[in-house]
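*Asks:* Let me see the structure of the following:
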Amino acid sequence: MAEHTYRDAGVDIAACDAWLARLGQSLPAIGGFAGLMPLGPLTEGMREPCLVASCDGVGTKVLVARSLGDLSTIGIDCVAMVVNDLICCGAEPVIFLDYLAVGKFDAAEADQILAGLRRGCEEADCALIGGETAELPGLLRPGDFDVCGFGLGLVDRPAVIDGSRVAPGDRVVGLPSTGLHSNGFSLARRVLGEDRDERVSREMLTPTAICVRTLREIRRRVDVKAVAHITGGGLPGNLRRALPAGVDAVLDPARWPRPAIFDRLESLGVEAGEMYRTFNMGIGMALVVDSRSAESIPEARVIGEITEGSGQVHIEGVRT
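*Replies:* Numbering: from 1, shown residues only. So this is what the prediction gives:
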């Protein structure tokens, strides 16, 4: 009778173990069954510390990275998508874990992805304390992979940003995006074509902006009433989630510049409403502050105002 092994079935545990052993030399938290993070020093001074959790991935942007043979920034995107969600309620990111699924394990590719994860966690001031790497032959083909992340943050309940204090007369300010970030790539890839030139692919691959330090600094100076991370669903879909029922946000696209890739997509046939429902259109995060504070935030620009309404977001000149 023939002998069967896990390696013959497409899963090489020894290769992955060797990679993890090497990794453990620089990241001691890696390799155990779970990661440990003492919370005592982090909760000092908090009256009612709350854990905040988020999970997200990079989506089909990984296909653009694979087409270029450059996986070095995908980890940054993964961290950004998670921590930018955490900070919307006022939390400080504390820990991050990743899940990497591959068709066939490749240590060089894993090193590139991990380098991005580590850089992203450094920019977000949080600790990478573990993760999971899964080799999935039959489910994924050799060369295929997906990556997602899980983050925990901390916030003192009295400091939670929940949008409840947003009122007519407040202003919406926007933190600029670096391009597509990590949303809408299925549409962008279809419109721009798989045979697009390398310059366009490189532009698509620009990492998602990590806004942790920027928002922290703004909050030191200004009372921020609401925060929305602009991901899939665009400005209408995401800012709406941060507004109370009795107000609307009215945004003026003429008030902010947008990266050239959005103009290119629109020129190739994506109508304006679909653009705003799908992409961030140059705004990575939208904040609501009072009118007196709005002009004093050099990191952002005023993009709209809050009016009486029913919790909707209106883009001037665009039907969404």
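
*Asks:* mind listing what the helix or strand hosting residue 285 pairs with, with the direction of each?
*Replies:* Applying DSSP states H and E as the criterion places residue 285 in strand 283-289. Taking DSSP bridges as the criterion, strand 283-289 forms sheet pairs with strand 171-176 (antiparallel), strand 226-229 (antiparallel).

*Asks:* Now do the shortest one: everything it contacts.
*Replies:* With contact meaning Cβ atoms under 8 Å, 6 or more residues apart in numbering, strand 226-229 is reached by 84-85, 87-90, 161-163, 166, 211, 215, 238-239, 241-243, 284-288. For every residue, glycine as well, the C-beta is placed using N, CA and C.

*Asks:* Same check on the longest one?
*Replies:* The contact list for strand 171-176 (Cβ under 8 Å, 6+ apart) reads 209, 211, 214-215, 239, 249, 251, 256-257, 282-291, 293-294, 297, 299-306.

*Asks:* circling back to that earlier point, what's the first helix or strand after the strand holding residue 285?
*Replies:* Reading on from strand 283-289 to the C-terminus, the next helix or strand found by DSSP H and E is helix 291-294.

*Asks:* and that next one, average pLDDT?
*Replies:* For helix 291-294, mean pLDDT is 96.

*Asks:* ditto for stretch 66-75
*Replies:* Across stretch 66-75, the average pLDDT comes to 96.

*Asks:* Please apply the same query to stretch 271-288.
*Replies:* Confidence for stretch 271-288, expressed as mean pLDDT, is 98.

*Asks:* what comes up buried for it?
*Replies:* Along stretch 271-288, these residues count as buried under the neighbour rule (16 or more other Cβ atoms under 10 Å): 274-288.

*Asks:* can you check stretch 308-317 too?
*Replies:* Along stretch 308-317, the positions that meet the burial threshold by neighbour count (16+ other Cβ under 10 Å) are 309, 311-315.

*Asks:* Quick one: closest of the strands paired with strand 283-289 to residue 50.
*Replies:* Put simply, out of the strands paired with strand 283-289 the one that sits nearest residue 50 is strand 226-229, at 16.2 Å, with distance taken as Cβ to Cβ.
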